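Participant: Predicted structure and sequence below. I'll ask about it afterward.
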Amino acid sequence: MTPIFDLNLLLTGTYHDWLVAGLITSLSLTGISLALALPLAIVIALIRLSPVKLLQWSGFAFVEAIRNVPLLAHLLFWYFGAPELLPTALREWLYARNVEATSAIIALTLYTAAYMSEDVRSGIRSIPGQQFEAARALGFSFVASMRLVVLPQALRVTIPPLISQTLNLWKDTSIATVIGVAELMYQAAKVESATFRSFEAFAFASVCYLGMSLLITGAAGWYQGRFPVRTA
Amino acid sequence: MNLRNPLLAGMLALVALVVGTAHADQLADIKKKGEIVVGVLGTDEPNSFVDPKTREIVGYDVDLAKAIAKKLGVKLTLKQLAVAARIPELEQGRVDLLAASLTHNKEREAKVDFSLTTFITGQKVIVRKDSNVTAVPQLAGKKVLTVKGGTQEPNLRKAVPTADVVTFETTGQAFVALQQGKGAGYVNDEVSILADYAKLGPAQKDFVILPENLSIEPLALGIRKGEPALKRVVDDTLRELEKSGEAEKLFFKWYGNDSKIKFHARPFKIESDKVDS
(Lines give C-alpha, C1' and ligand atoms only; values in the text may rest on other atoms or scores of the structure.)
Protein backbone atom coordinates (compact mmCIF):
# COMPACT_ATOMS: atom_id res chain seq x y z
CA MET A 1 0.00 0.00 0.00
CA THR A 2 1.49 3.32 -1.00
CA PRO A 3 1.19 6.09 1.57
CA ILE A 4 -1.28 8.94 1.04
CA PHE A 5 1.57 11.42 0.92
CA ASP A 6 4.83 9.81 -0.17
CA LEU A 7 7.46 12.14 1.29
CA ASN A 8 10.29 9.81 0.27
CA LEU A 9 9.48 10.41 -3.37
CA LEU A 10 10.42 14.05 -2.81
CA LEU A 11 13.49 13.55 -0.63
CA THR A 12 15.50 10.93 -2.51
CA GLY A 13 15.85 9.21 -5.87
CA THR A 14 15.34 10.20 -9.50
CA TYR A 15 12.18 12.22 -8.96
CA HIS A 16 13.88 14.25 -6.23
CA ASP A 17 16.75 14.93 -8.63
CA TRP A 18 14.35 16.06 -11.38
CA LEU A 19 12.56 18.44 -9.03
CA VAL A 20 15.79 19.92 -7.64
CA ALA A 21 17.12 20.39 -11.18
CA GLY A 22 13.87 22.23 -11.95
CA LEU A 23 14.25 24.44 -8.90
CA ILE A 24 17.80 25.35 -9.93
CA THR A 25 16.64 26.18 -13.47
CA SER A 26 13.84 28.40 -12.09
CA LEU A 27 16.29 30.21 -9.81
CA SER A 28 18.76 30.70 -12.69
CA LEU A 29 16.02 32.06 -14.95
CA THR A 30 15.06 34.54 -12.22
CA GLY A 31 18.68 35.54 -11.49
CA ILE A 32 19.77 36.03 -15.10
CA SER A 33 16.57 37.81 -16.14
CA LEU A 34 16.76 40.12 -13.12
CA ALA A 35 20.42 40.97 -13.78
CA LEU A 36 19.55 41.91 -17.37
CA ALA A 37 16.19 43.56 -16.69
CA LEU A 38 17.35 45.98 -14.00
CA PRO A 39 19.89 47.99 -16.04
CA LEU A 40 17.55 47.87 -19.03
CA ALA A 41 14.72 49.26 -16.87
CA ILE A 42 16.87 52.19 -15.73
CA VAL A 43 17.85 52.99 -19.32
CA ILE A 44 14.19 52.89 -20.45
CA ALA A 45 13.12 55.10 -17.54
CA LEU A 46 15.79 57.66 -18.45
CA ILE A 47 14.78 57.52 -22.12
CA ARG A 48 11.17 58.27 -21.15
CA LEU A 49 12.30 61.25 -19.04
CA SER A 50 14.82 62.59 -21.56
CA PRO A 51 14.22 66.03 -23.08
CA VAL A 52 14.14 64.58 -26.63
CA LYS A 53 10.55 63.99 -27.82
CA LEU A 54 11.46 61.10 -30.15
CA LEU A 55 13.19 59.22 -27.31
CA GLN A 56 10.24 59.84 -24.96
CA TRP A 57 7.88 58.38 -27.52
CA SER A 58 9.97 55.33 -28.28
CA GLY A 59 10.26 54.60 -24.54
CA PHE A 60 6.51 54.97 -24.14
CA ALA A 61 5.86 52.69 -27.14
CA PHE A 62 8.21 50.00 -25.79
CA VAL A 63 6.63 49.94 -22.35
CA GLU A 64 3.04 49.89 -23.58
CA ALA A 65 3.70 47.32 -26.32
CA ILE A 66 5.20 44.94 -23.80
CA ARG A 67 2.94 45.52 -20.80
CA ASN A 68 -0.26 45.11 -22.77
CA VAL A 69 0.48 41.67 -24.18
CA PRO A 70 0.30 38.58 -21.93
CA LEU A 71 3.58 36.96 -20.94
CA LEU A 72 2.47 33.66 -22.52
CA ALA A 73 2.26 35.37 -25.91
CA HIS A 74 5.73 36.87 -25.38
CA LEU A 75 7.20 33.45 -24.66
CA LEU A 76 5.59 31.81 -27.68
CA PHE A 77 6.72 34.71 -29.88
CA TRP A 78 10.35 34.60 -28.73
CA TYR A 79 10.48 30.82 -29.09
CA PHE A 80 8.40 30.00 -32.17
CA GLY A 81 8.38 33.35 -33.98
CA ALA A 82 11.40 35.59 -33.56
CA PRO A 83 14.24 33.08 -34.16
CA GLU A 84 12.75 32.19 -37.58
CA LEU A 85 13.57 35.74 -38.72
CA LEU A 86 17.31 35.25 -38.09
CA PRO A 87 19.74 34.46 -40.92
CA THR A 88 20.08 30.69 -41.45
CA ALA A 89 23.62 30.32 -40.08
CA LEU A 90 22.86 32.23 -36.89
CA ARG A 91 19.57 30.36 -36.46
CA GLU A 92 21.24 26.96 -36.76
CA TRP A 93 23.92 28.05 -34.31
CA LEU A 94 21.24 29.06 -31.82
CA TYR A 95 19.11 25.93 -32.35
CA ALA A 96 22.11 23.71 -31.65
CA ARG A 97 22.23 25.28 -28.18
CA ASN A 98 19.66 25.80 -25.43
CA VAL A 99 17.21 27.85 -27.51
CA GLU A 100 14.39 27.16 -25.01
CA ALA A 101 16.12 28.85 -22.07
CA THR A 102 17.48 31.66 -24.27
CA SER A 103 14.02 32.55 -25.57
CA ALA A 104 12.58 32.39 -22.06
CA ILE A 105 15.26 34.75 -20.70
CA ILE A 106 14.69 37.27 -23.51
CA ALA A 107 10.92 37.25 -22.95
CA LEU A 108 11.17 37.45 -19.15
CA THR A 109 13.82 40.19 -19.30
CA LEU A 110 11.83 42.45 -21.62
CA TYR A 111 8.58 41.85 -19.75
CA THR A 112 10.10 42.52 -16.34
CA ALA A 113 12.10 45.52 -17.61
CA ALA A 114 8.93 47.17 -18.94
CA TYR A 115 7.30 46.98 -15.51
CA MET A 116 10.45 47.90 -13.60
CA SER A 117 11.11 50.93 -15.81
CA GLU A 118 7.75 52.36 -14.73
CA ASP A 119 8.72 51.91 -11.08
CA VAL A 120 12.09 53.56 -11.66
CA ARG A 121 10.40 56.42 -13.53
CA SER A 122 7.97 56.96 -10.64
CA GLY A 123 10.92 56.97 -8.27
CA ILE A 124 12.71 59.60 -10.30
CA ARG A 125 9.57 61.73 -10.53
CA SER A 126 9.21 61.60 -6.74
CA ILE A 127 12.44 63.58 -6.36
CA PRO A 128 11.54 67.29 -6.47
CA GLY A 129 12.30 68.77 -9.88
CA GLN A 130 14.15 71.70 -8.31
CA GLN A 131 17.03 69.37 -7.42
CA PHE A 132 17.47 68.45 -11.06
CA GLU A 133 17.13 72.10 -12.10
CA ALA A 134 19.67 73.16 -9.46
CA ALA A 135 22.14 70.56 -10.73
CA ARG A 136 21.64 71.73 -14.30
CA ALA A 137 22.08 75.37 -13.16
CA LEU A 138 25.41 74.40 -11.58
CA GLY A 139 26.54 73.15 -14.99
CA PHE A 140 25.99 69.39 -14.71
CA SER A 141 24.88 67.65 -17.90
CA PHE A 142 21.56 65.73 -18.10
CA VAL A 143 23.30 62.41 -17.50
CA ALA A 144 25.53 63.74 -14.70
CA SER A 145 22.58 65.41 -12.90
CA MET A 146 20.69 62.14 -13.04
CA ARG A 147 23.63 59.98 -12.03
CA LEU A 148 24.94 62.12 -9.17
CA VAL A 149 21.87 63.85 -7.78
CA VAL A 150 18.55 62.29 -8.76
CA LEU A 151 19.18 58.53 -9.21
CA PRO A 152 20.88 57.86 -5.84
CA GLN A 153 17.77 59.20 -4.07
CA ALA A 154 15.29 57.79 -6.58
CA LEU A 155 16.60 54.24 -6.45
CA ARG A 156 16.17 54.18 -2.69
CA VAL A 157 12.48 55.01 -3.13
CA THR A 158 12.25 52.47 -5.93
CA ILE A 159 13.74 49.43 -4.18
CA PRO A 160 10.50 48.21 -2.50
CA PRO A 161 8.46 48.14 -5.74
CA LEU A 162 11.43 46.59 -7.55
CA ILE A 163 11.54 43.79 -4.99
CA SER A 164 7.84 43.30 -5.62
CA GLN A 165 8.55 43.00 -9.36
CA THR A 166 11.26 40.46 -8.59
CA LEU A 167 8.62 38.43 -6.77
CA ASN A 168 6.46 38.54 -9.91
CA LEU A 169 9.44 37.56 -12.04
CA TRP A 170 10.10 34.54 -9.81
CA LYS A 171 6.54 33.32 -10.26
CA ASP A 172 6.45 34.24 -13.96
CA THR A 173 9.32 31.83 -14.69
CA SER A 174 6.76 29.02 -14.33
CA ILE A 175 5.20 30.02 -17.68
CA ALA A 176 8.45 29.02 -19.43
CA THR A 177 7.19 25.43 -19.17
CA VAL A 178 5.12 26.00 -22.35
CA ILE A 179 8.25 26.34 -24.48
CA GLY A 180 9.87 23.28 -22.98
CA VAL A 181 12.21 24.91 -20.45
CA ALA A 182 12.84 22.29 -17.76
CA GLU A 183 11.99 24.60 -14.83
CA LEU A 184 10.14 23.70 -11.66
CA MET A 185 6.59 23.35 -13.07
CA TYR A 186 7.90 21.38 -16.06
CA GLN A 187 9.67 18.92 -13.78
CA ALA A 188 6.66 18.68 -11.45
CA ALA A 189 4.46 17.81 -14.43
CA LYS A 190 7.06 15.26 -15.56
CA VAL A 191 7.10 13.61 -12.13
CA GLU A 192 3.30 13.62 -12.18
CA SER A 193 3.08 11.79 -15.50
CA ALA A 194 5.76 9.31 -14.47
CA THR A 195 4.31 8.49 -11.04
CA PHE A 196 0.68 9.72 -11.03
CA ARG A 197 1.60 11.34 -7.68
CA SER A 198 0.23 14.78 -8.61
CA PHE A 199 -0.19 15.92 -5.05
CA GLU A 200 3.44 15.29 -4.04
CA ALA A 201 4.92 16.76 -7.22
CA PHE A 202 2.93 19.99 -7.08
CA ALA A 203 3.27 20.24 -3.29
CA PHE A 204 7.05 20.33 -3.80
CA ALA A 205 6.72 23.04 -6.44
CA SER A 206 4.28 25.07 -4.31
CA VAL A 207 6.53 24.92 -1.25
CA CYS A 208 9.49 26.10 -3.35
CA TYR A 209 7.52 28.98 -4.88
CA LEU A 210 6.03 29.98 -1.54
CA GLY A 211 9.35 29.68 0.34
CA MET A 212 11.30 31.72 -2.19
CA SER A 213 8.51 34.30 -2.42
CA LEU A 214 8.46 34.70 1.35
CA LEU A 215 12.23 35.23 1.32
CA ILE A 216 11.85 37.97 -1.29
CA THR A 217 9.00 39.58 0.68
CA GLY A 218 11.15 39.35 3.81
CA ALA A 219 13.97 41.12 1.97
CA ALA A 220 11.59 43.95 1.07
CA GLY A 221 10.50 44.31 4.71
CA TRP A 222 14.08 44.26 5.94
CA TYR A 223 15.14 46.87 3.40
CA GLN A 224 12.35 49.24 4.34
CA GLY A 225 13.34 48.97 8.02
CA ARG A 226 17.04 49.37 7.35
CA PHE A 227 16.89 52.14 4.72
CA PRO A 228 13.75 54.20 5.28
CA VAL A 229 12.91 56.69 2.54
CA ARG A 230 14.38 60.09 3.31
CA THR A 231 12.17 62.97 2.42
CA ALA A 232 13.89 65.83 0.76
CA MET B 1 -7.80 17.76 14.25
CA ASN B 2 -9.19 21.05 15.42
CA LEU B 3 -12.60 21.73 13.92
CA ARG B 4 -13.16 24.99 15.72
CA ASN B 5 -11.66 26.74 12.75
CA PRO B 6 -14.77 27.49 10.64
CA LEU B 7 -12.79 27.74 7.38
CA LEU B 8 -11.24 24.30 7.86
CA ALA B 9 -14.59 22.79 8.84
CA GLY B 10 -16.18 24.32 5.76
CA MET B 11 -13.49 22.95 3.50
CA LEU B 12 -13.85 19.49 5.00
CA ALA B 13 -17.60 19.61 4.46
CA LEU B 14 -16.98 20.57 0.83
CA VAL B 15 -14.51 17.73 0.35
CA ALA B 16 -17.00 15.27 1.88
CA LEU B 17 -19.68 16.55 -0.49
CA VAL B 18 -17.48 16.17 -3.56
CA VAL B 19 -16.33 12.69 -2.55
CA GLY B 20 -19.93 11.79 -1.74
CA THR B 21 -21.31 12.71 -5.16
CA ALA B 22 -18.48 10.88 -6.88
CA HIS B 23 -19.80 7.62 -5.46
CA ALA B 24 -23.20 7.86 -7.10
CA ASP B 25 -23.74 5.67 -10.17
CA GLN B 26 -22.37 7.62 -13.10
CA LEU B 27 -24.51 5.93 -15.75
CA ALA B 28 -27.68 6.95 -13.88
CA ASP B 29 -26.32 10.51 -13.59
CA ILE B 30 -25.62 10.71 -17.32
CA LYS B 31 -29.13 9.53 -18.15
CA LYS B 32 -30.64 11.96 -15.65
CA LYS B 33 -28.69 14.89 -17.08
CA GLY B 34 -29.48 13.76 -20.62
CA GLU B 35 -25.89 14.55 -21.54
CA ILE B 36 -22.55 12.74 -21.69
CA VAL B 37 -19.40 14.86 -21.50
CA VAL B 38 -16.56 13.23 -23.42
CA GLY B 39 -12.98 14.46 -23.14
CA VAL B 40 -11.15 14.62 -26.50
CA LEU B 41 -7.82 16.09 -27.61
CA GLY B 42 -9.00 17.97 -30.68
CA THR B 43 -5.35 18.37 -31.71
CA ASP B 44 -4.54 14.84 -32.83
CA GLU B 45 -5.50 13.97 -36.38
CA PRO B 46 -7.19 11.59 -37.22
CA ASN B 47 -8.42 10.61 -33.73
CA SER B 48 -9.88 13.99 -32.84
CA PHE B 49 -9.11 17.24 -34.61
CA VAL B 50 -10.77 20.41 -35.82
CA ASP B 51 -12.16 20.12 -39.34
CA PRO B 52 -10.88 23.29 -41.05
CA LYS B 53 -14.12 23.63 -43.08
CA THR B 54 -16.79 23.15 -40.41
CA ARG B 55 -14.66 24.24 -37.41
CA GLU B 56 -16.02 21.25 -35.55
CA ILE B 57 -14.08 18.56 -33.74
CA VAL B 58 -14.23 15.35 -35.76
CA GLY B 59 -12.34 12.05 -35.92
CA TYR B 60 -12.30 8.38 -35.08
CA ASP B 61 -12.52 8.95 -31.32
CA VAL B 62 -15.36 11.44 -31.87
CA ASP B 63 -17.36 8.94 -33.96
CA LEU B 64 -16.98 6.31 -31.23
CA ALA B 65 -18.21 8.86 -28.67
CA LYS B 66 -21.18 9.67 -30.92
CA ALA B 67 -22.10 5.97 -31.11
CA ILE B 68 -22.04 5.69 -27.31
CA ALA B 69 -24.15 8.84 -26.83
CA LYS B 70 -26.65 7.46 -29.36
CA LYS B 71 -26.82 4.13 -27.58
CA LEU B 72 -27.49 5.93 -24.28
CA GLY B 73 -30.00 8.23 -25.94
CA VAL B 74 -28.31 11.35 -24.57
CA LYS B 75 -26.74 14.50 -25.97
CA LEU B 76 -23.00 14.39 -26.68
CA THR B 77 -20.87 17.27 -25.38
CA LEU B 78 -17.20 17.27 -26.33
CA LYS B 79 -14.66 18.85 -24.03
CA GLN B 80 -11.19 19.56 -25.36
CA LEU B 81 -8.36 18.52 -23.04
CA ALA B 82 -4.58 18.78 -22.96
CA VAL B 83 -2.75 15.45 -23.09
CA ALA B 84 -1.49 15.81 -19.51
CA ALA B 85 -4.96 16.81 -18.21
CA ARG B 86 -6.85 13.74 -19.47
CA ILE B 87 -6.62 11.38 -16.49
CA PRO B 88 -6.95 14.10 -13.79
CA GLU B 89 -10.08 15.53 -15.51
CA LEU B 90 -11.65 12.07 -15.63
CA GLU B 91 -10.77 11.29 -12.02
CA GLN B 92 -12.23 14.58 -10.82
CA GLY B 93 -15.46 13.95 -12.69
CA ARG B 94 -15.26 16.91 -15.05
CA VAL B 95 -15.67 14.52 -18.00
CA ASP B 96 -17.67 11.27 -18.05
CA LEU B 97 -15.52 9.46 -20.57
CA LEU B 98 -12.17 9.90 -22.35
CA ALA B 99 -11.94 9.42 -26.11
CA ALA B 100 -8.58 11.09 -26.37
CA SER B 101 -5.95 8.85 -28.05
CA LEU B 102 -5.51 7.29 -24.61
CA THR B 103 -2.98 4.48 -24.32
CA HIS B 104 -4.12 1.52 -22.24
CA ASN B 105 -1.23 0.24 -20.13
CA LYS B 106 -0.86 -1.66 -16.86
CA GLU B 107 0.41 1.39 -14.93
CA ARG B 108 -2.69 3.39 -15.79
CA GLU B 109 -5.03 0.56 -14.77
CA ALA B 110 -4.44 1.63 -11.16
CA LYS B 111 -5.97 5.02 -11.99
CA VAL B 112 -8.68 4.45 -14.60
CA ASP B 113 -10.69 1.64 -16.22
CA PHE B 114 -10.45 1.05 -19.95
CA SER B 115 -12.99 -0.01 -22.55
CA LEU B 116 -12.27 -2.66 -25.16
CA THR B 117 -9.19 -1.69 -27.18
CA THR B 118 -10.41 0.56 -29.99
CA PHE B 119 -7.18 0.94 -31.93
CA ILE B 120 -3.65 -0.43 -31.98
CA THR B 121 -0.76 1.73 -33.10
CA GLY B 122 2.99 1.76 -32.67
CA GLN B 123 4.85 4.75 -31.36
CA LYS B 124 7.47 6.05 -33.78
CA VAL B 125 10.03 8.77 -34.28
CA ILE B 126 10.18 11.12 -37.25
CA VAL B 127 13.60 12.75 -37.71
CA ARG B 128 15.08 15.53 -39.77
CA LYS B 129 17.33 14.20 -42.54
CA ASP B 130 20.01 16.74 -41.68
CA SER B 131 20.32 15.16 -38.22
CA ASN B 132 21.80 12.05 -39.93
CA VAL B 133 19.85 9.81 -37.56
CA THR B 134 18.77 6.56 -39.21
CA ALA B 135 17.94 4.38 -36.20
CA VAL B 136 16.43 4.99 -32.77
CA PRO B 137 19.64 4.42 -30.71
CA GLN B 138 21.37 7.24 -32.62
CA LEU B 139 19.09 9.68 -30.83
CA ALA B 140 21.39 9.40 -27.78
CA GLY B 141 22.41 12.90 -26.67
CA LYS B 142 20.19 14.49 -29.35
CA LYS B 143 17.24 16.77 -28.68
CA VAL B 144 13.93 14.96 -29.20
CA LEU B 145 10.58 16.76 -29.07
CA THR B 146 7.18 15.48 -27.97
CA VAL B 147 4.05 16.27 -25.97
CA LYS B 148 3.80 16.55 -22.16
CA GLY B 149 1.94 13.99 -20.10
CA GLY B 150 1.49 11.13 -22.58
CA THR B 151 3.28 7.79 -22.92
CA GLN B 152 5.62 9.24 -25.57
CA GLU B 153 8.21 10.67 -23.15
CA PRO B 154 8.49 7.57 -20.87
CA ASN B 155 8.68 5.26 -23.93
CA LEU B 156 11.47 7.32 -25.47
CA ARG B 157 13.39 7.46 -22.19
CA LYS B 158 13.12 3.68 -21.94
CA ALA B 159 14.45 3.23 -25.49
CA VAL B 160 17.12 5.98 -25.38
CA PRO B 161 17.86 7.00 -21.77
CA THR B 162 20.36 9.69 -22.77
CA ALA B 163 18.12 11.51 -25.26
CA ASP B 164 17.51 15.17 -24.37
CA VAL B 165 13.69 15.22 -24.31
CA VAL B 166 11.87 18.55 -24.60
CA THR B 167 8.08 18.51 -24.16
CA PHE B 168 5.27 20.88 -25.15
CA GLU B 169 1.58 21.32 -24.30
CA THR B 170 0.31 19.93 -27.63
CA THR B 171 1.72 17.54 -30.23
CA GLY B 172 1.24 20.35 -32.78
CA GLN B 173 3.69 22.66 -30.99
CA ALA B 174 6.27 19.89 -30.70
CA PHE B 175 5.93 19.16 -34.42
CA VAL B 176 6.32 22.86 -35.34
CA ALA B 177 9.49 22.96 -33.23
CA LEU B 178 10.80 19.96 -35.22
CA GLN B 179 9.98 21.66 -38.53
CA GLN B 180 11.86 24.76 -37.35
CA GLY B 181 14.89 22.59 -36.61
CA LYS B 182 14.80 22.92 -32.83
CA GLY B 183 15.38 19.19 -32.37
CA ALA B 184 16.52 16.08 -34.25
CA GLY B 185 13.31 14.06 -33.87
CA TYR B 186 9.68 14.01 -32.76
CA VAL B 187 7.86 11.12 -31.09
CA ASN B 188 4.17 10.29 -31.46
CA ASP B 189 1.73 7.50 -32.27
CA GLU B 190 2.37 6.21 -35.79
CA VAL B 191 -1.01 7.26 -37.15
CA SER B 192 -0.55 10.81 -35.87
CA ILE B 193 2.95 10.97 -37.35
CA LEU B 194 1.60 9.80 -40.72
CA ALA B 195 -1.05 12.52 -40.63
CA ASP B 196 1.57 15.15 -39.71
CA TYR B 197 3.92 13.86 -42.41
CA ALA B 198 1.16 14.15 -45.01
CA LYS B 199 0.70 17.83 -44.05
CA LEU B 200 4.38 18.61 -44.72
CA GLY B 201 3.84 18.67 -48.49
CA PRO B 202 7.02 19.35 -50.49
CA ALA B 203 9.04 19.55 -47.26
CA GLN B 204 8.59 15.78 -46.84
CA LYS B 205 11.97 15.23 -48.49
CA ASP B 206 13.68 16.72 -45.39
CA PHE B 207 12.15 14.19 -42.97
CA VAL B 208 12.26 10.42 -42.42
CA ILE B 209 10.03 8.22 -40.27
CA LEU B 210 12.26 5.69 -38.50
CA PRO B 211 10.97 2.15 -39.12
CA GLU B 212 11.33 0.85 -35.55
CA ASN B 213 8.45 1.01 -33.09
CA LEU B 214 9.33 2.49 -29.68
CA SER B 215 6.35 0.59 -28.30
CA ILE B 216 2.99 -0.90 -29.25
CA GLU B 217 0.17 1.29 -27.98
CA PRO B 218 -3.31 -0.16 -27.55
CA LEU B 219 -5.68 2.82 -27.43
CA ALA B 220 -8.98 2.64 -25.55
CA LEU B 221 -11.68 4.82 -24.05
CA GLY B 222 -11.07 5.81 -20.44
CA ILE B 223 -13.76 5.29 -17.79
CA ARG B 224 -13.60 6.40 -14.15
CA LYS B 225 -12.69 3.60 -11.74
CA GLY B 226 -15.57 1.71 -10.15
CA GLU B 227 -18.26 2.45 -12.74
CA PRO B 228 -19.12 -1.07 -14.00
CA ALA B 229 -22.53 -0.05 -15.37
CA LEU B 230 -21.04 2.63 -17.64
CA LYS B 231 -18.21 0.35 -18.73
CA ARG B 232 -20.75 -2.34 -19.69
CA VAL B 233 -22.71 0.06 -21.92
CA VAL B 234 -19.51 1.38 -23.54
CA ASP B 235 -18.17 -2.13 -24.21
CA ASP B 236 -21.55 -3.33 -25.51
CA THR B 237 -21.70 -0.40 -27.92
CA LEU B 238 -18.18 -1.16 -29.19
CA ARG B 239 -19.02 -4.88 -29.60
CA GLU B 240 -22.12 -3.99 -31.61
CA LEU B 241 -20.09 -1.65 -33.83
CA GLU B 242 -17.63 -4.48 -34.47
CA LYS B 243 -20.39 -7.02 -35.17
CA SER B 244 -22.31 -4.78 -37.57
CA GLY B 245 -19.17 -3.93 -39.51
CA GLU B 246 -19.61 -0.27 -38.54
CA ALA B 247 -16.28 -0.29 -36.64
CA GLU B 248 -14.44 -1.41 -39.76
CA LYS B 249 -16.15 1.33 -41.76
CA LEU B 250 -15.04 3.91 -39.21
CA PHE B 251 -11.49 2.57 -39.39
CA PHE B 252 -11.33 3.01 -43.15
CA LYS B 253 -13.13 6.37 -42.98
CA TRP B 254 -10.37 7.85 -40.83
CA TYR B 255 -7.32 5.68 -41.58
CA GLY B 256 -8.07 4.23 -45.04
CA ASN B 257 -7.22 5.19 -48.59
CA ASP B 258 -9.23 8.41 -48.57
CA SER B 259 -7.47 9.64 -45.42
CA LYS B 260 -3.97 11.03 -44.98
CA ILE B 261 -2.88 7.78 -43.31
CA LYS B 262 -3.68 5.38 -46.19
CA PHE B 263 -3.82 2.07 -44.33
CA HIS B 264 -4.89 -0.80 -46.59
CA ALA B 265 -5.72 -3.33 -43.91
CA ARG B 266 -7.12 -3.32 -40.42
CA PRO B 267 -4.71 -5.34 -38.26
CA PHE B 268 -6.98 -5.66 -35.20
CA LYS B 269 -10.55 -6.20 -34.07
CA ILE B 270 -12.40 -4.52 -31.20
CA GLU B 271 -12.77 -7.51 -28.89
CA SER B 272 -10.58 -7.41 -25.78
CA ASP B 273 -9.90 -5.09 -22.88
CA LYS B 274 -6.71 -6.87 -21.81
CA VAL B 275 -3.21 -5.53 -22.43
CA ASP B 276 0.20 -7.19 -22.12
CA SER B 277 2.16 -4.37 -20.54
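Facilitator: Yep, it's here.

Participant: And the pLDDT for residue 215?
Facilitator: With no chain named, the answer covers chain A. Residue A:215 carries a pLDDT value of 95.

Participant: My question was about chain B, not that one.
Facilitator: 92.

Participant: Tell me how far it lies from residue A:193.
Facilitator: 15 Å (Cβ to Cβ, to the nearest Å). Bear in mind the C-beta positions are built from the backbone N, C-alpha and C, glycine included.

Participant: Residue B:217 now?
Facilitator: Taken as Cβ to Cβ, the span from residue B:217 to residue A:193 is 15 Å.

Participant: the more surrounded of the two?
Facilitator: residue B:217 (25 against 20; other Cβ atoms under 10 Å in any protein chain shown).

Participant: quick one: the more buried one and residue B:117 touch, right?
Facilitator: No. Residue B:217 is not in contact with residue B:117 according to Cβ atoms under 8 Å; the separation is 9.9 Å.

Participant: For chain B, which residue gets nearest to chain A?
Facilitator: Chain B approaches chain A most closely through residue B:166 (3.9 Å), counting by Cβ to the nearest Cβ.

Participant: and that residue, that's in a strand?
Facilitator: Yes. Under DSSP: H, G, I helix; E, B strand; the rest coil, residue B:166 sits within a strand.

Participant: The nearest residue to it once chain neighbours are set aside - how many residues pack around it?
Facilitator: Once flanking residues are discounted, residue B:166 sits nearest to residue A:180: 3.9 Å by Cβ to Cβ, 6 or more residues apart in numbering or on different chains. Neighbours of residue A:180 under the rule other Cβ under 10 Å: 28.

Participant: Let me know the pLDDT of residue B:5.
Facilitator: Looking at residue B:5, the pLDDT reads 56.

Participant: Please report phi then psi for whichever residue of chain A sits closest to chain B.
Facilitator: Per Cβ to the nearest Cβ, residue A:180 is where chain A lies closest to chain B, at 3.9 Å. When read as degrees, to the nearest 10, the backbone of residue A:180 gives phi 80, psi 20.

Participant: Show the pLDDT at it.
Facilitator: 94.

Participant: which ones are touching it?
Facilitator: Shown in contact with residue A:180 (Cβ atoms under 8 Å, 6 or more residues apart in numbering or on different chains): A:100, A:186, B:145, B:166, B:167, B:168, B:177.

Participant: Next up, the contacts around the nearest residue to the second one once chain neighbours are set aside.
Facilitator: Spelled out, that is residue A:186. In space, and not counting its chain neighbours, residue A:186 is closest to residue A:177: 4.2 Å by Cβ to Cβ, 6+ apart. Residue A:177 makes contact with A:183, A:185, A:186, A:189, according to Cβ under 8 Å, 6+ apart.

Participant: quick one: residue A:77 and residue A:90, what's the gap?
Facilitator: Residue A:77 sits 18 Å away from residue A:90, going by Cβ to Cβ.

Participant: Could you do residue B:201 as well?
Facilitator: Taking Cβ to Cβ, one finds residue B:201 at 26 Å from residue A:90.

Participant: now residue B:96
Facilitator: For residue B:96, the distance to residue A:90 - Cβ to Cβ - is 51 Å.

Participant: Please apply the same query to residue B:162.
Facilitator: In terms of Cβ to Cβ, residue B:162 sits 28 Å off from residue A:90.

Participant: Repeat that for residue A:42.
Facilitator: Counting by Cβ to Cβ, the gap from residue A:42 to residue A:90 is 29 Å.

Participant: Repeat that for residue B:142.
Facilitator: 21 Å.

Participant: Same question for residue A:13.
Facilitator: 41 Å.

Participant: what do you get for residue B:120?
Facilitator: In terms of Cβ to Cβ, residue B:120 sits 44 Å off from residue A:90.

Participant: higher neighbour count, the two?
Facilitator: Between residue B:120 and residue A:90, counted using other Cβ under 10 Å, residue B:120 has the larger neighbour count: 18 against 10.

Participant: The more buried one contacts residue B:266, correct?
Facilitator: No. Between residue B:120 and residue B:266 there is no contact, the gap being 9.7 Å when judged by Cβ under 8 Å.

Participant: Now do the spatially most central residue of chain A against residue A:27, distance only.
Facilitator: Centre of chain A computed as the mean C-alpha position; nearest residue by Cα atoms, centre = their mean is residue A:169, 3.8 Å away. Taking Cβ to Cβ as the measure, residue A:169 falls 11 Å from residue A:27.

Participant: Then residue B:109?
Facilitator: 38 Å.

Participant: again with residue B:164
Facilitator: From residue B:164 to residue A:27 the distance is 21 Å (Cβ to Cβ).

Participant: Next: residue A:85.
Facilitator: In terms of Cβ to Cβ, residue A:85 sits 31 Å off from residue A:27.

Participant: hey, where'd the helices end up in chain B?
Facilitator: B:6-22, B:26-33, B:60-72, B:86-91, B:106-109, B:152-159, B:171-179, B:190-200, B:228-244, B:246-255 (DSSP state H).

Participant: Next, format those as TSV and append distance to chain A.
Facilitator: Converted to TSV, the helices of chain B look like this (distance: least, Cβ to the nearest Cβ, whole Å):
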stretch	distance to chain A
helix B:6-22	13
helix B:26-33	21
helix B:60-72	20
helix B:86-91	7
helix B:106-109	8
helix B:152-159	6
helix B:171-179	6
helix B:190-200	16
helix B:228-244	20
helix B:246-255	27
